[in-house]
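*Asks:* fold the stuff below for me.
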Amino acid sequence: MDVFDVSVSLPVSLVATLAAGMTSSVVGVDAIAMSVKAFELVPAVERDLLMGDKARINVECLECCGKHLYVGTNDCFVHHFLLEEVPSPKGRIAYVAQKLQQKYLGLKKPVAELRAASALERLIVLCDGVLFLVDMATLETVPSATGSGGARIKGVTSFCMNGNPVNADPFCVEIAVISSRRRTVQVYTVFEDRVQLVKEVTTTEQPSVVSLDGYFLCLALASQYMILNYTTGASQDLFPYNSEERRPIVKRIGREEFLLAAPGGLGMFANAEGVSQRAPVNWSERVIGAAVCFPYVVALDQDFISIHSMLDQQLKQSLAFRDGHILQDFEGKVVLASTKAVYILVPLPLEQQIQDLLCGDRVEEALVLTEGAQPNIPRDRFQILHRRILQQAGFIQFGQLQFQEAQEYFRKGELDARELISLYPLLLPPTSSFTRCHPPLHPFADLNHLAQGDPGKVLRCKRFLISYLGTVRGTEASRVCREEVDTALLKLYAEQDHESLLDLLASDNTCLLADSAPWLEKHSKYFALGLLYRCNGQDSAALQLWIRVVDGELQDSTRPDLYEYIVDILTFCPDLDLVWRYSDWALKRDPKVGVQIFTKRSAGKDQSGQPKPDDVITYLEKHSHARLFYLEHLVLERRVQKEKFHSLLAVLYLEQVLSLLGGSRPPAPDQLSHARDRLQALLRESNLYRVQLLLDKMEGCDQLLLEQATLHGKLEDHGKALDILVHQLRDYGSAEAYCLWASSSSSSRQHLLHLLLDLYLDRGAGERAGDLEMAAVDLLNRHGDQFDAVRVLSVLPEGWSLQLLKPFLGRAVRASVHAGRTSRLALGLSRAENLQLLHDRLKERRKPILVSEKRGCHLCHNTFSCPDVVCLPGAVPVHTHCIAHRLSDSAPNTHADSAPDKHSTQNSNHT
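*Replies:* Residues are numbered from 1 along each chain as shown. A predicted model of the protein is given here:
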């Protein structure tokens, strides 16, 4: 529970007011959260060593400088001890104190305060209202530079040292002194043998406690706290506090930041601007001392030592400590004392504190502690520690089946995916060299240990692993363990019948074949196993396996269209040996689909690696249907212009028709009609087949007269073809259609139509004369514009009426008129063009041609020495002898070749 958002800066007075009203709730939360051992209380100076048999001697103040401890007592003595750290048998820190000396100061009052100035080798001592200097080594009072009475300041009630000095001189220290005179604070510079007043400021009330940072004084007045800049005099009231009821606390904890005892038992943080950038901590209202050992705030009251986190404001630890009355921190060391002995609060190692939190499943607190300690840890060491804590936090959440949180921690901690895979039995390949992290990141032996035999938990964990591995696959974090990740995913997909199994194998993967193949066979994922074979370059093994599935030897319903898929594989397979080996099986199963192995292959210019059509046709001889489909592909789709293929296809079509006609059972009408249509279409459209061969095969077959007529047309024997259509088949529509498709130009079409008309008007038709005359009338009326009208009128019987031929005559007249007008229009356009050319020629002749000695001949490239030149088209001058030589060279050429020269000469008549 967060009482305040510490990322927001608030005025200290507002924070104190808000916090006072929420004290009870905070106490409840702290009581629950208190379970971390952050410090150990270790004795430093025992009672006997400090005071011997003097029962009335009490500790009044402390100062620690390195290994040296100075203790001021109520009998005006300063005791000097040397503290040595020694490891205990249990691995903990213990202290051995050696008393070096003690010194009576001669004032018969308790020693109130001690401060060490190590750069000066001096102790600053406050005793009986007098501030003076003592030598740290001998404890002798330091005389002044003039030798008269020592360097002293009288009338002092309290003082502090400046933790952020503004004086650049390393051989002096700065102190702030509360004078016993009313409402006065003085700032001094202390040298080795003297003190020098720097500034004196007055306050509205008598201060009781002071702390100094740079130019800023933090003061506890009689009724409130305040911040005062002693150079500018600017001040900032913080919040009210009754110094008479409770002892005020003002503790500098960092650069321009102070810790204060606020009403309601709160520890408030304030910076030099009077703003709180941290949430307050809730300690006892009877606190008499406080110190900071980052990231903890240590507070002392009469019975307990309470330790709060500055990061989340939670109470982390509470230690019983009776009769405590001094708590100070010196260079990161927390020292406290009762009236009779001195102790040191030793912080436990950060890693141990974090592990204790993680052992208690307090993930968030462990992370807060880790991240809060970042400024005090070297960067490289922190990154290693932080990653490990995140990984441990992820496994804690994983053990609680909080998968979303676990995945986020694993991602941030850059977890080696094998740490997680190793929890799942049989997922990690036997060839993997991975060993788990030591010390271990979790307490689980495997997934069964975690799930305690619960199948539901096991299933949820496997689904999480699928999701996690799918997320990290392909990232930089999984680069070192791609084989393990891909193999584990394949096994999980196969076991869970997951739809992504095929996507995994279709992508660039590193699944281990030896470990994955048995797993896929176990779960009957034969199609996926074939894909895995192909990924490892074993196409033949994949095809053999898939053929067994299609033939029913193995059961796998992954792809109902597996046969078509095999055909596609063979279609685009560059290994022709593989194609020849397995095409036979595909063609036997379905010739129409199987032949696509050859028909769908590349038909581009680059035929390297492609089977030759002749080889394919030879291979397909035992698969007649497939051979027919392949020939149709070559001739009708690819338009291959090769006589062999056209002839073979025509023969196959003809044999199919003949087999239907000569069968024991009559063929279905649609079947025979379809077969003849295909044959007739090929005979009409192709010009490459062997016509005579087909005619020989059709000889004597009166049912294929239409096809025979088409073949005679290919032989340019149009009379024979039309005779078959008109007199044998009596199919006048086909005869008319023949004239249209067999003609290559308008003149040839006119010839064929006249030939057909002559057949219709043949006087020897006998009883069919009437049908033929009607066919002739229909022919003339439909195609009247394509006949020679004069020729037609000369052959028509005299007895035909004009009304019968009215459509023909109308079309013929319109065609004749149109032709005459078109001819006249063309003649006019030609004359206009000729006139324009003559005009252009005259214009060219009038233009001057400039010839100079600097200009060269276009033929010999020599310059002109005289104006005797000939001009070529485009106003290009040349020597007369050059053009004469050119014309003489071209004289033996053909008329077509010399015509342009003649034209050139005619266009070069001007010089």
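
*Asks:* give me the number of residues near the closest residue to residue 57 other than its chain neighbours?
*Replies:* Among residues not flanking residue 57 along the chain, residue 51 sits closest, at 3.8 Å (CB to CB, 6 or more residues apart in numbering). C-beta here means a position set from N, CA and C on the backbone, and glycine is covered the same way. Residue 51: 22 surrounding residues under other CB atoms under 10 Å.

*Asks:* residue 308 now?
*Replies:* The number of residues near residue 308, taken as other CB under 10 Å, comes to 27.

*Asks:* who touches the closest residue to it other than its chain neighbours in this structure?
*Replies:* Among residues not flanking residue 308 along the chain, residue 281 sits closest, at 4.0 Å (CB to CB, 6+ apart). Contact analysis of residue 281 by CB atoms under 8 Å, 6 or more residues apart in numbering lists 266, 267, 297, 299, 308, 310, 313.

*Asks:* beta partners of residue 281?
*Replies:* Residue 281 has the following beta-bridge partners by DSSP bridges: residue 267.

*Asks:* any idea how far residue 134 is from residue 187?
*Replies:* 21 Å (CB to CB, to the nearest Å).

*Asks:* picking up where we left off before, residue 45 is in contact with the residue nearest to residue 57, correct?
*Replies:* No. Using CB atoms under 8 Å, residue 51 and residue 45 do not qualify as a contacting pair, with a distance of 9.9 Å.

*Asks:* just give the number of residues close to residue 80.
*Replies:* A count of nearby residues for residue 80, using other CB under 10 Å, gives 19.

*Asks:* name the element it belongs to?
*Replies:* strand 77-87 (DSSP states H and E).

*Asks:* now that strand - C-alpha only, CSV.
*Replies:* The C-alpha trace of strand 77-87 is given here as CSV (Å, rounded to 0.1, in the frame of the first residue of the first chain):
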residue,chain,number,x,y,z
PHE,A,77,36.1,12.3,30.0
VAL,A,78,36.8,11.5,26.4
HIS,A,79,37.6,7.8,25.7
HIS,A,80,39.5,6.8,22.6
PHE,A,81,39.0,3.2,21.3
LEU,A,82,40.3,1.3,18.3
LEU,A,83,37.7,-0.9,16.6
GLU,A,84,38.7,-3.9,14.6
GLU,A,85,36.3,-5.9,12.5
VAL,A,86,36.8,-9.7,12.9
PRO,A,87,34.7,-12.5,11.3
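
*Asks:* give the rounded mean pLDDT of the helix or strand following that strand.
*Replies:* Sequence-wise, the next helix or strand downstream of strand 77-87 (DSSP H and E) is strand 93-104. Looking at strand 93-104 alone, the average pLDDT works out to 88.

*Asks:* and strand 93-104, which strands flank it?
*Replies:* Short version: by DSSP bridges, strand 93-104 pairs with strand 77-87 (antiparallel).

*Asks:* tell me which residues in the partner strand are buried?
*Replies:* 77, 78, 79, 80, 81, 83 (16 or more other CB atoms under 10 Å).

*Asks:* can you pull the contacts of the last one?
*Replies:* Residues touching residue 83, when contacts are defined by CB under 8 Å, 6+ apart, comprise 44, 64, 67, 68, 69, 95, 96, 97, 344.

*Asks:* show me the shaky parts of the stretch 401-550 of the chain.
*Replies:* By pLDDT under 70, the stretch 401-550 of the chain has no low-scoring segment.

*Asks:* oh, I was asking about the stretch 751-900 of the chain
*Replies:* Applying pLDDT under 70 to the stretch 751-900 of the chain flags the ranges 763-768, 891-900.

*Asks:* all strands for it, in order.
*Replies:* 869-872, 876-879 (DSSP state E, counting those that start in this stretch).

*Asks:* report the distance from the first one to the chain centre.
*Replies:* Distance of strand 869-872 from the chain centroid (CA atoms, centre = their mean, to the nearest Å) equals 75 Å.

*Asks:* the strand holding residue 80 - what's its average pLDDT?
*Replies:* So the average pLDDT for strand 77-87 ends up being 89.

*Asks:* tell me how far it lies from the chain's centre.
*Replies:* That offset, for strand 77-87, works out to 61 Å (CA atoms, centre = their mean).

*Asks:* and the longest helix for this structure?
*Replies:* For the chain, the longest helix by residue count, based on DSSP state H, is helix 806-846.

*Asks:* which parts of the stretch 551-700 of the chain are strands?
*Replies:* Using DSSP E, counting those that start in this stretch, no strands are found in the stretch 551-700 of the chain.

*Asks:* low-confidence ranges, it, go.
*Replies:* Within the stretch 551-700 of the chain, the stretches with pLDDT under 70 are 602-609.

*Asks:* gap between residue 818 and residue 751?
*Replies:* Note on residue 818: its distance to residue 751, by CB to CB, is 21 Å.

*Asks:* in terms of neighbours, single out the busier of those two.
*Replies:* residue 751 (15 against 11).

*Asks:* how about the more buried one, what does it touch?
*Replies:* Neighbouring residues of residue 751 by CB under 8 Å, 6+ apart: residue 743.

*Asks:* same deal with the one 3 residues further on?
*Replies:* Contact criterion CB under 8 Å, 6+ apart gives 787, 788, 791, 792 as the residues in contact with residue 754.

*Asks:* from these, which is closest to residue 680?
*Replies:* Of all the contacts of residue 754, residue 787 has the smallest distance to residue 680: 27.2 Å, by CB to CB.

*Asks:* neighbours of the residue nearest to residue 883 when sequence neighbours are not counted, how many?
*Replies:* The spatially closest residue to residue 883, leaving aside those adjacent along the chain, is residue 870, at 4.9 Å (CB to CB, 6+ apart). Other residues near residue 870 come to 22 when the count uses other CB under 10 Å.

*Asks:* separation between residue 870 and residue 886?
*Replies:* Separation of residue 870 from residue 886 (CB to CB): 10 Å.

*Asks:* ok, now residue 623?
*Replies:* 68 Å.

*Asks:* look at those two and report which has more neighbours.
*Replies:* Higher neighbour count among residue 623 and residue 886: residue 623, with 19 against 14, using other CB under 10 Å.

*Asks:* what sits against the more buried one?
*Replies:* Taking CB under 8 Å, 6+ apart, we find residue 623 in contact with 587, 588, 591, 594, 595.

*Asks:* tell me the spacing between it and residue 427.
*Replies:* Residue 623 sits 47 Å away from residue 427, going by CB to CB.

*Asks:* again, but for residue 77
*Replies:* Taken as CB to CB, the span from residue 77 to residue 427 is 73 Å.

*Asks:* most widely separated two among the contacts of residue 281?
*Replies:* For those, the maximum inter-member distance is 13.5 Å, found between 266 and 310 (CB to CB).

*Asks:* now the helices for the stretch 301-450 of the chain?
*Replies:* 350-359, 363-372, 379-399, 403-412, 417-421, 447-451 (DSSP state H, counting those that start in this stretch).

*Asks:* what packs against the last one?
*Replies:* For helix 447-451, the contact count by 3 or more CB pairs under 8 Å, 6 or more residues apart in numbering; DSSP states H and E identifies helix 455-472 as packing neighbours.
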